[in-house]
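> requesting a structural model of the entry that follows:
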Amino acid sequence: MRRPLAVLLLLAACHAISAAPVGSESLARDLAAAAAFFPRSEGSSAEAGLLAHVSARLAEAGIAATRFDFGESSEGYSYSSCLSARIEGRLPDTLIVVAPLNHPDGAAPGASGDLNAALALELLRRSRERVPAVSLTVLFLGAEYGDGEGYPMGSALFLRDYQPTQRTAVLYLALGTGSSPVLVRASGRGVGSPGWLVARSTAALADAGVQYRLSAGELVVDRLGLGERQSIIEPWLKSGIPAVALEDSGEPSAAPAADQGAALAGFLDRFLALSDDGLEDEWDNHYLPITAGGRTLVAGEAIWVSVAAGLLALLLLFSLVFVRGLKKYARALARTGWALLPLLGLGVAALVAVTLGLEGLLALRAFPTLWTWRPGVFLAAKLAAASLLALAAVLPLARLGFERHASLLSAAALLLLLVDVLVVLAIDVSLTFPFLWAFCWVFMASRAHRRTTKFILFFPSALLIVAGFAEALTSPSLPLARFLLFSRWWGNLLIAVLALPFLLFLMRIGLALPGPAGRRGSSRRVLGVLAIALPAAAAAGLGAWAA
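Have a look, this model is predicted:
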């Protein structure tokens, strides 16, 4: 009894060992063949050669394929051709995997996307051997990269006559070298992929051991229509088809190319495994991906609505329990709330003055696009210089004892942050998190009694808002940067409204205005000097860098 069992186990082990290299060898063979067809510019003989290789490999595997071209295209003409192969799954839901045949101009050998066609062929072979749950359509598209608004032309050609009747999703393989970490792109100008597809794609990457990077800032910027660059999946998203692309991140690779190819093939297998119950048709655009420890949590609209509703409910409960404190804040706002308007006007005036200074600096340098090289640096310097002007102008308020109106300053800071939360809630519920974060920290700081405790609790309040803008500007989002840097009224008003609650609370704890003489006054004067010296140094540094 033991001997037959041992023989069966040995045969199973030999089969498992022999099966793995076959896939690896097939992938390596296709990768080498694709690399031989270089350069693959649009309509070139090398692009046609790769398409012929794909057709031959599909014929070897017994997979039917349909060829189509731009002969009757109304969007534009190209000498390129495309190929479509389909494998029916157990469910009518369809996963479309796209592999471009050509590559961007200037791509170097080994960085021209050879891996994309090889991975697509490997996926078809494996799906032919074991039928997947969802149906599979693999597209090998020519004329995907080029100059002009008509690109990607292959995607546009397919979408012209494609009307899905079942749930559909797209995985676009837009890798150059395929080096680790890969970039997960889930948005285009004004559109974003649904949260479920981002969650499933990142989970499959993590399970397959593929390191990835997903920019939440870029996703939000694109979703709000503030991005400038067209993404490769934009035509799919604008056609109402969920899509995610894998691209090179540009970061140094941590894995050999051979290992990365096998891992990416495992990613495609894992994605199909996670789709055993089919695809989804929910399109939640109000989500925020949070990546930590190599995993991504996609916090959707329901989570943020629950958090915002819970916070507002706690705030209402607090106001009902501590009625005396609420009435105190209300009286302070009713009695001296008018003083907030001059402060807001002062902030806007300082920002407008610095905006004019930036315009003058660029004109003096005769380099009007200098700011596009480092938009984040210019914005930081603008805020620093505006803070310097505002602090210099606000010093006379110390003589009026403005900081002694503690209730007004705390109440106004909390009220303005609450208004920010409600306004952002109406725009995009997922963007309320940084403002909810700030509101909670400022609220806790307002309940503390010691000044040191207030400062410790206040310090983290603006971190997420600043980090969000920094992430958005490193995408880079030039429309957003242009609005914040050079919009004299609306852009500066937005900055002033966002900054005013934090300025008010700094005044509340005595760090924005000089204090009375004495030991405490001396320490606060040191802080005042630093508050003026640091913005001045930042502004001077920008001037030196621009020169």
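
> any weak-confidence spans in this protein?
Applying pLDDT under 70 to the chain flags residues 1-23, 73-75, 252-258, 319-334, 336-339, 393-407, 474-477, 510-547.

> could you identify the helix or strand that succeeds the helix or strand encompassing residue 298?
Counting by DSSP states H and E, the element that carries residue 298 is strand 295-299. As assigned by DSSP H and E, the chain's next helix or strand after strand 295-299 is helix 301-321.

> direction included, what does the strand holding residue 298 pair up with?
strand 288-292 (antiparallel) (DSSP bridges).

> what is the orientation angle of the strand it pairs with with helix 301-321?
100 degrees (axes from the mean of the first three to the mean of the last three Cα atoms, to 10 degrees).

> pull out the buried residues from the strand holding residue 298.
Buried positions in strand 295-299, judged by neighbour count with 16 or more other Cβ atoms under 10 Å: 296, 298, 299. Where you see a C-beta, it was placed from the backbone N, CA and C, and this is true even at glycine.

> name whatever forms a beta bridge with the last one.
The reference is to residue 299. Under the criterion used (DSSP bridges), residue 299 bridges to residue 288.

> and the strand holding residue 298, how far out from the chain's middle?
13 Å (Cα atoms, centre = their mean, to the nearest Å).

> same deal with stretch 226-235?
For stretch 226-235, the distance to the chain centre is 13 Å (Cα atoms, centre = their mean).

> now do the end-to-end distance for it.
Stretch 226-235 has an end-to-end distance of 17 Å (Cα to Cα, to the nearest Å).

> from the buried residues of strand 295-299, which single one is nearest residue 444?
Proximity of these to residue 444, judged by Cβ to Cβ, is greatest for residue 299, which lies at 22.5 Å.

> list the residues that contact the closest one.
By Cβ atoms under 8 Å, 6 or more residues apart in numbering, residue 299 lies in contact with 287, 288, 289, 290, 430.

> just to check, the second one is in contact with residue 220?
This means residue 288. Yes. If you go by Cβ atoms under 8 Å, residue 288 and residue 220 touch, sitting 7.5 Å apart.

> mutual contacts of these two, please.
With Cβ under 8 Å, 6+ apart as the test, residue 288 and residue 220 both reach 430, 431.

> other SSEs contacting the helix or strand hosting residue 415?
Under the criterion of DSSP H and E, residue 415 resides in helix 406-427. With contacts taken as 3 or more Cβ pairs under 8 Å, 6 or more residues apart in numbering; DSSP states H and E, helix 406-427 sits against helix 301-321, helix 323-336, helix 433-447, helix 490-508.

> follow-up on the earlier one: now render the buried residues of strand 295-299 as CSV, adding distance to residue 273.
Shown next, in CSV, are the buried residues of strand 295-299 (distance: Cβ to Cβ, whole Å):
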residue, distance to residue 273
296, 18
298, 19
299, 24
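
> now do residue 392 against residue 80, distance only.
62 Å (Cβ to Cβ, to the nearest Å).

> quick one, phi/psi of the closest residue to residue 107 other than its chain neighbours?
Nearest non-adjacent residue to residue 107, counting by Cβ to Cβ, 6 or more residues apart in numbering: residue 176, 6.6 Å away. Dihedral pair for residue 176: phi -100, psi -70, per degrees, to the nearest 10.

> picking up where we left off before, any chance of JSON lines for the helices and strands packed on helix 406-427, columns mean neighbour count and distance to residue 237?
Converted to JSON lines, the helices and strands packed on helix 406-427 look like this (neighbours: other Cβ atoms under 10 Å; distance: least, Cβ to Cβ, whole Å):
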{"stretch": "helix 301-321", "mean neighbour count": "13", "distance to residue 237": "18"}
{"stretch": "helix 323-336", "mean neighbour count": "14", "distance to residue 237": "45"}
{"stretch": "helix 433-447", "mean neighbour count": "20", "distance to residue 237": "24"}
{"stretch": "helix 490-508", "mean neighbour count": "20", "distance to residue 237": "28"}
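
> circling back: now the helix holding residue 415 and helix 490-508, what's the angle there?
Using the same axes, to 10 degrees: helix 406-427 against helix 490-508 is 150 degrees.

> in a helix, residue 72, correct?
No. Read with DSSP: H, G, I helix; E, B strand; the rest coil, residue 72 is coil and lies in no helix.

> can you list the domain ranges for the chain.
The chain breaks down into these domains under automatic domain parsing: 24-299, 302-546.

> just name the most buried of these.
Burial of these is given as mean neighbour count (mean count of other Cβ atoms under 10 Å); domain 24-299 ranks first at a mean of 19.

> endpoints of it, how far apart?
Span of domain 24-299 from end to end, Cα to Cα: 37 Å.

> and what of stretch 176-184?
13 Å.

> what does that stretch contact?
Residues from elsewhere that reach stretch 176-184, judged by Cβ under 8 Å, 6+ apart: 103, 107, 110-113, 115, 175, 198, 201-202, 205, 210-215, 244-255, 257, 260-261, 263-264.

> rewinding a little: adding distance to residue 84, write the helices and strands packed on helix 406-427 out as CSV.
Shown next, in CSV, are those (distance: least, Cβ to Cβ, whole Å):
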stretch, distance to residue 84
helix 301-321, 35
helix 323-336, 65
helix 433-447, 42
helix 490-508, 47
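
> so which of the ones you listed gets nearest residue 86?
Here helix 301-321 is closest among the helices and strands packed on helix 406-427 (Cβ to Cβ), at 34.0 Å.

> centre of the chain to that closest one, how far?
Its chain's C-alpha centre and that of helix 301-321 lie 27 Å apart, by Cα atoms, centre = their mean.

> what's the angle from it to helix 433-447?
Using the same axes, to 10 degrees: helix 301-321 against helix 433-447 is 20 degrees.

> what about stretch 65-83, how long is it end to end?
Stretch 65-83 end-to-end distance (Cα to Cα) = 7 Å.

> sorry, that was for stretch 105-123
27 Å.

> got CSV for the contacts of residue 299, with distance to residue 344 too?
CSV is the format used below for these (distance: Cβ to Cβ, whole Å):
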residue, distance to residue 344
287, 33
288, 29
289, 34
290, 33
430, 27
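
> and these, which is closest to residue 55?
For the contacts of residue 299, the nearest to residue 55 is residue 289 (38.2 Å; Cβ to Cβ).

> in helices only, show me the contacts of stretch 176-184.
115, 198, 201, 202, 205, 257, 260, 261, 263, 264 (DSSP state H).

> just give me the closest of these to residue 279.
The closest of these, once distances to residue 279 are taken by Cβ to Cβ, is residue 201, at 12.0 Å.

> who does the closest residue to the closest one other than its chain neighbours form a beta bridge with?
Nearest non-adjacent residue to residue 201, counting by Cβ to Cβ, 6+ apart: residue 244, 4.7 Å away. In this entry, residue 244 is beta-bridged to residue 171, by DSSP bridges.

> tell me who's in contact with residue 244.
Contacts of residue 244 by Cβ under 8 Å, 6+ apart are 169, 170, 171, 172, 184, 185, 186, 193, 197, 198, 201, 233.

> quick one, what contacts the closest residue in space to the second one that isn't next to it in sequence?
When you say that, I think you mean residue 170. Of all residues not flanking residue 170 in the chain, residue 243 sits nearest, at 3.8 Å (Cβ to Cβ, 6+ apart). Going by Cβ under 8 Å, 6+ apart, residue 243 touches 169, 170, 171, 172, 193, 197, 233, 236, 237.
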